[in-house]
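Asker: Pasted the sequence and its predicted model underneath.
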Amino acid sequence: MARYATPPGREEFHEEVWDLVCQIPEGRVSTYGRIAALATPPVGMDPPAYKAFGARWVGGAMAHCPEGVPWWRVINAQGKVSAREGEDRQRPLLEKEGVEFDARGRIDLANYAWPDDNARS
DNA sequence: ATTATGACTCCCA
DNA sequence: GTGGGAGCCATAA
């Protein structure tokens, strides 16, 4: 199985990602890019590549998501879960936590996105 | 060494 | 608002 994008020798990166995911409060969701932005990116990485760097590697970290990591709270910029079987699993899980889905199965990041750009300082 | 794929994101039509 | 294409990193064959 493709270990998928693994940071260039940055195991800590994965730990940081998992930690951030665990920090996501109940009833809130975050995006791969957001987590990546919060995590510590490699040095010398170009800005345009930065977004891709995080999104993909964070996804790789989720692929290795150890037990206790609410990976279902991590969604993509589209407001949906890209997980192979997460769509069916994430919906009830998030709904149970208080997250509402759009008619198209999309989540309102404006209300559930974490961390909130405005709220909490 | 090259090609193909992957739990992504951004830009343009 | 929706859809398709291109780009970035690393792994596996």
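Answerer: In hand now; what should we look at?
Asker: what's next to the helix or strand hosting A:Pro48, contact-wise?
Answerer: Taking DSSP states H and E as the criterion, A:Pro48 maps to helix A:47-63. With contacts defined as CB atoms under 8 Å, 6 or more residues apart in numbering, helix A:47-63 is touched by A:3-7, A:13-14, A:17-18, A:21, A:32-33, A:35-37, A:39, A:41-42, A:45, A:69, A:71, A:74, A:76-77, A:82-83. From N, CA and C alone the C-beta is placed, and that goes for glycine too.
Asker: near DNA strand B, from the residues you listed?
Answerer: A:4-5, A:32-33, A:71, A:74, A:76-77, A:82-83 (CB under 7 Å from any atom of the strand).
Asker: Just the buried residues out of these, in ChimeraX syntax.
Answerer: Restricted to buried positions by 16 or more other CB atoms under 10 Å, the ChimeraX selection for these reads:
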select /A:5,32,33,71,74,83
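Asker: Any chance of the ones next to DNA strand B among the contacts of helix A:47-63 in CSV with pLDDT as columns?
Answerer: CSV is the format used below for those (pLDDT from 0 to 100):
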residue, pLDDT
A:Tyr4, 67
A:Ala5, 68
A:Tyr32, 93
A:Gly33, 92
A:Trp71, 92
A:Val74, 94
A:Asn76, 93
A:Ala77, 92
A:Ser82, 87
A:Ala83, 85
